[in-house]
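[1] One predicted model, sequence on top.
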Protein chains: 2
Amino acid sequence: MIRKQGVVIMFKFSKRVPADGTDAVGAILKAAADPKIISFAGGLPAPELFPVERMKKATDKVYAEHGRQALQYGAAKGVTELRELILKRVKEKENVEASLENVMVTTGSEQAIDLVGKAFVNPGDTVLVEEPTYLCALDVFRSYGANFVSVPMDEDGMKMDALEEALKQHPETALIYTVPNFQNPTGRTMPADRRKKFAELAAKYDVPVLEDNPYGDIRFAGQHVPSVKSFDRAGKVFYMSTFSKILAPGFRLGWLVADPKVIEKLTVLKQSADLHTDNLVQYVVTEFFKENDVDAHVKEISNLYGKRKQLMIEGIKKYFPKNVKYTDPEGGMFLWVEVPGVNDTVELFKQCLEHDVAFVPGDPFYAGKAQPGTFRLNYSNMQEDQIKVGLKRLGEALTQALEHKE
Amino acid sequence: MIRKQGVVIMFKFSKRVPADGTDAVGAILKAAADPKIISFAGGLPAPELFPVERMKKATDKVYAEHGRQALQYGAAKGVTELRELILKRVKEKENVEASLENVMVTTGSEQAIDLVGKAFVNPGDTVLVEEPTYLCALDVFRSYGANFVSVPMDEDGMKMDALEEALKQHPETALIYTVPNFQNPTGRTMPADRRKKFAELAAKYDVPVLEDNPYGDIRFAGQHVPSVKSFDRAGKVFYMSTFSKILAPGFRLGWLVADPKVIEKLTVLKQSADLHTDNLVQYVVTEFFKENDVDAHVKEISNLYGKRKQLMIEGIKKYFPKNVKYTDPEGGMFLWVEVPGVNDTVELFKQCLEHDVAFVPGDPFYAGKAQPGTFRLNYSNMQEDQIKVGLKRLGEALTQALEHKE
């Protein structure tokens, strides 16, 4: 097993495996991990708000009351009490009426994307995505052989006329993927009328929509917008979310709400993926909801992130060159910056690294050609003083990069 | 979302999704779930031996010492301390020398099979499997478009002359899958000389081997046999195991040890599958190992299963028709029965159900044509008195079925 000096063992990987050297984001996060660098590159929740003590209490109760069940094999669809809790929440928050046959637990919401990709995307099929979109979703669909068509966005998210045009031009479309609330990476939110239209287009063109809503609960300004799913009369929208942003991402607990036929098939694929999701944390989260005011906890998170976002916006206004554009999200964890006149975003990233500050360059969020000079900033995981110092450094780096260009 | 009366929504699923009505095992387990039926159909560990109290203690300590880390996102490869613990165990138990770059944590060992299938099996590729083999592995490889070639077994597992013949005839082989210890479903174990030959053939024909060892630690008779991996000089064997049979299957904690190049690629695919495995239980199991004598716990499990297996063998000898063949495993959770003169195993299953006793018919364990009259019996999850009564019922049902035939 110990590698012989200089001997490289060769393997024939399948077409689904990305080529060497394509993990751009891995390289970026590695570069940004240097402790002297203030990094806005990550995408982590604020750990100081994790309800560790209360989670311990819930866990103790699970061991006392369901110890053996929590440690034994469980059902592929998930623990029934947790699925009931999800249904209740989806009804309350998103006005989505559903019953047990409509819901399954997944190992993080990433698994929901993976199962939907595996179940719907044959090699060569078209997947419509926002431009830009969540990069890990691109990785999943790419692994199943998707051809991407990017649908342009404006400040209100995916444009519906552009979506309809894409659906007309691509009758082979297998799936539309969208993050309508506080989108990753842009922080943009789609208004209700657009969502209604979205559901209608899905029905008209008979194409399933995967509505990914990890951030929707984390709203610190503006009003709640009903989900695309709440406008779905044709059963073509699959709604997914997660406990990662409101409780604990380490637990890897997500869920999907969809037509029973879809849930049934995805459950078969889930059995092949990991049999079922960790039982212990399914019971723990169920118990946590019984004992705690989760909405109050979510409000606390939202308040903190809102404060951090505001600091970041102030830093942008104070330190960034005046022609730089940026989004000002009403929730979630990210905002999006567009620096006009930059041709090479990775080069810009390197220049910022020299100023000891980091972000994720926009390129990997684009399925097709990237818009140069774009990048994503995370504010949820950064202490206030770091945001202040970091934005100052970033402003200096950008100013210098643009001056150097002229 | 509520299904309209009589309206069935249609979806175009990918080629990876099994057709309707193909979940034979699901139907069997459902039929066997009737409380009046004594079912040997399942594959569960004995929950009465789950170390619930000690696991609670370990969990409390994790919350106290690593609370925020356990709840936060983690590394795709897994928690470093757990990977170190796995390396130590793999060295001690299997004489496999490996370092951190060789090991990744998976969400149950099922995920290790899935990732290897995804990474190595292109549609149309050949996968060599034991005849019969673990049915969930067949499901995984089938979902990636595998063509199966079954390699015949004898009482000592996969036959090496038959394996070499298959490798010669199928140069397009992408992978060989094997369960060398207390195989599921047969309970058979491959002797050391055959394993050595296996590793040599993998090197000679340059084909990777996935060595799946979930049951190896649960040995109640005979001597430990070194893993195929321990004979691997070419880096072509991937060794996988799990904490499911020795600690808690509900935790979904498995691992894979392989060449660094393979681990690197599988880690990229794992990020798309579920980002990483639940952090909490990774820390909990690490802590459990620090505080407890796991080998003593495994011995307790093995003793109980050995006792149950013995009772089952006694029941077979006492009640089964004399021409029935069966395996007598030295470990694991299953034994395998062959009833000569039976043409339709599913019909036999139904006859046994009428006697209020159940098993898993052999058919789904075969990639190709099944040997009629075969079935799998589980003894790990059955109380002693149920084994006695169940075997009596099974003996009566078999006797009647064979008499009825004459």
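    Structure's in. What do you need? Numbers count the residues shown, from 1 in each chain, chains lettered A, B, ... in the order given.

[2] what's near enough to touch residue A:85?
    Counting by C-beta atoms under 8 Å, 6 or more residues apart in numbering or on different chains, residue A:85 makes contact with A:285-286, A:289. For every residue, glycine as well, the C-beta is placed using N, CA and C.

[3] Out of the residues you listed, which end up buried?
    Neighbour counting with 16 or more other C-beta atoms under 10 Å in any protein chain shown marks A:285-286, A:289 as buried within those.

[4] so which of those comes closest to residue A:392?
    Distance to residue A:392, by C-beta to C-beta, is smallest for residue A:285 among those, at 39.7 Å.

[5] coming back round to it: make JSON lines out of the buried ones among the contacts of residue A:85 and add distance to chain B and secondary structure.
    Shown next, in JSON lines, are the buried ones among the contacts of residue A:85 (distance: C-beta to the nearest C-beta, whole Å; DSSP: H, G, I helix; E, B strand; the rest coil):
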{"residue": "A:285", "distance to chain B": "11", "secondary structure": "helix"}
{"residue": "A:286", "distance to chain B": "14", "secondary structure": "helix"}
{"residue": "A:289", "distance to chain B": "16", "secondary structure": "helix"}
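
[6] what ranges do the strands span in chain A?
    For chain A, the strands defined by DSSP state E cover A:38-39, A:103-107, A:126-131, A:147-154, A:157-158, A:173-178, A:209-212, A:237-242, A:253-257, A:325-326, A:334-338, A:357-358, A:360-361, A:374-378.

[7] The third one pairs with which strands, and in what direction?
    This points to strand A:126-131. In the sheet, strand A:126-131 lines up against strand A:147-154 (parallel), strand A:173-178 (parallel) (DSSP bridges).

[8] Dump the C-alpha coordinates for that strand into PDB.
    Extracted in PDB, the C-alpha atoms of strand A:126-131 (Å, rounded to 0.1, in the frame of the first residue of the first chain):
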ATOM      1  CA  THR A 126     -30.000  19.600 -21.300                       C
ATOM      2  CA  VAL A 127     -30.200  21.100 -17.900                       C
ATOM      3  CA  LEU A 128     -31.300  24.700 -17.600                       C
ATOM      4  CA  VAL A 129     -29.500  26.700 -14.900                       C
ATOM      5  CA  GLU A 130     -29.300  30.300 -13.700                       C
ATOM      6  CA  GLU A 131     -26.300  32.300 -14.900                       C
END
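
[9] From the chain's centroid, how far away is it?
    Here strand A:126-131 is found 15 Å from its chain centre; the criterion is C-alpha atoms, centre = their mean, to the nearest Å.

[10] Repeat that for the fourth one.
    Taking the mean of its C-alpha atoms, strand A:147-154 sits 17 Å from the chain's own mean (C-alpha atoms, centre = their mean).

[11] winner for burial among the strands paired with strand A:126-131?
    Mean neighbours per residue, mean count of other C-beta atoms under 10 Å in any protein chain shown, is largest over those for strand A:173-178, with a mean of 25.

[12] which other residues reach that strand?
    Residues outside strand A:173-178 that contact it (C-beta under 8 Å, 6+ apart) are A:113, A:116-117, A:120-122, A:125-130, A:133-134, A:137, A:141, A:146, A:149, A:157-158, A:163, A:166-167, A:190, A:198, A:202, A:205, A:207-212, A:228, B:12, B:14.

[13] now those residues: which count as buried?
    When the contacts of strand A:173-178 are checked for burial by 16+ other C-beta under 10 Å, the buried set is A:113, A:116-117, A:120-121, A:125-130, A:133-134, A:137, A:141, A:146, A:149, A:157-158, A:163, A:166-167, A:190, A:198, A:202, A:205, A:207-212, A:228, B:14.

[14] roughly how far apart are the closest residue to residue A:219 other than its chain neighbours and chain B?
    Spatial nearest neighbour of residue A:219, chain neighbours left out: residue A:331 (3.8 Å); criterion: C-beta to C-beta, 6 or more residues apart in numbering or on different chains. The gap separating residue A:331 from chain B is 19 Å, by C-beta to the nearest C-beta, to the nearest Å.

[15] I'd guessed residue A:331 sits against residue A:179; true?
    No: in this structure, residue A:331 is not within contact of residue A:179 by C-beta atoms under 8 Å, at 12.0 Å.

[16] the more surrounded of those two?
    Neighbours were counted for residue A:331 and for residue A:179 using other C-beta atoms under 10 Å in any protein chain shown; residue A:179 has more, 27 against 21.

[17] Please report the distance of the nearest residue to the more buried one once chain neighbours are set aside from chain B.
    Sequence neighbours aside, residue A:212 is the residue nearest to residue A:179 in space, at 4.9 Å (criterion: C-beta to C-beta, 6+ apart). Computed as C-beta to the nearest C-beta, the residue A:212 to chain B distance reads 14 Å.

[18] which residues touch residue A:212?
    A:109, A:112-113, A:134, A:137, A:177-179, A:240-241.

[19] Residue A:274 too?
    Going by C-beta under 8 Å, 6+ apart, residue A:274 touches A:107, A:111, B:106-108, B:110-111, B:114, B:252, B:274.

[20] ok, back up a step: ok, so of the contacts of residue A:212, who is nearest chain B?
    residue A:113 (8.1 Å; C-beta to the nearest C-beta).

[21] residues in contact with that closest one?
    Counting by C-beta under 8 Å, 6+ apart, residue A:113 makes contact with A:136-137, A:140, A:177, A:210, A:212, A:240.

[22] swap the cut-off to 7 Å and go again
    By C-beta atoms under 7 Å, 6 or more residues apart in numbering or on different chains, residue A:113 lies in contact with A:137, A:140, A:210, A:212.

[23] On the pLDDT front, check the last one for me.
    At residue A:212 the predicted local distance difference test score is 98.

[24] which residues does it form a beta bridge with?
    Beta bridges link residue A:212 to residue A:240, judged by DSSP bridges.

[25] residues in contact with the residue nearest to residue A:219?
    By C-beta under 7 Å, 6+ apart, the residues touching residue A:331 are A:181-182, A:215, A:218-220, A:302.

[26] One more: residue A:312?
    When the contact criterion is C-beta under 7 Å, 6+ apart, the partners of residue A:312 are A:335, A:377, A:379, A:387, A:391.

[27] Now render the contacts of residue A:113 as TSV, adding distance to residue B:247.
    Output for these, formatted as TSV (distance: C-beta to C-beta, whole Å):
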residue	distance to residue B:247
A:137	34
A:140	31
A:210	35
A:212	34
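
[28] wait, which of those is closest to residue A:90?
    Closest approach between those and residue A:90, by C-beta to C-beta: residue A:212, at 14.0 Å.

[29] what are the ranges of the helices in chain A?
    All helices of chain A, identified by DSSP state H, fall at A:24-32, A:52-71, A:80-94, A:108-120, A:135-143, A:160-169, A:192-204, A:260-274, A:279-291, A:294-319, A:345-354, A:384-405.

[30] now the ones you listed in JSON lines, with mean pLDDT and distance to residue B:21?
    Output for the helices of chain A, formatted as JSON lines (pLDDT from 0 to 100; distance: least, C-beta to C-beta, whole Å):
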{"stretch": "helix A:24-32", "mean pLDDT": "77", "distance to residue B:21": "42"}
{"stretch": "helix A:52-71", "mean pLDDT": "98", "distance to residue B:21": "30"}
{"stretch": "helix A:80-94", "mean pLDDT": "96", "distance to residue B:21": "24"}
{"stretch": "helix A:108-120", "mean pLDDT": "98", "distance to residue B:21": "17"}
{"stretch": "helix A:135-143", "mean pLDDT": "96", "distance to residue B:21": "28"}
{"stretch": "helix A:160-169", "mean pLDDT": "98", "distance to residue B:21": "32"}
{"stretch": "helix A:192-204", "mean pLDDT": "98", "distance to residue B:21": "28"}
{"stretch": "helix A:260-274", "mean pLDDT": "96", "distance to residue B:21": "11"}
{"stretch": "helix A:279-291", "mean pLDDT": "98", "distance to residue B:21": "29"}
{"stretch": "helix A:294-319", "mean pLDDT": "98", "distance to residue B:21": "40"}
{"stretch": "helix A:345-354", "mean pLDDT": "93", "distance to residue B:21": "51"}
{"stretch": "helix A:384-405", "mean pLDDT": "93", "distance to residue B:21": "57"}
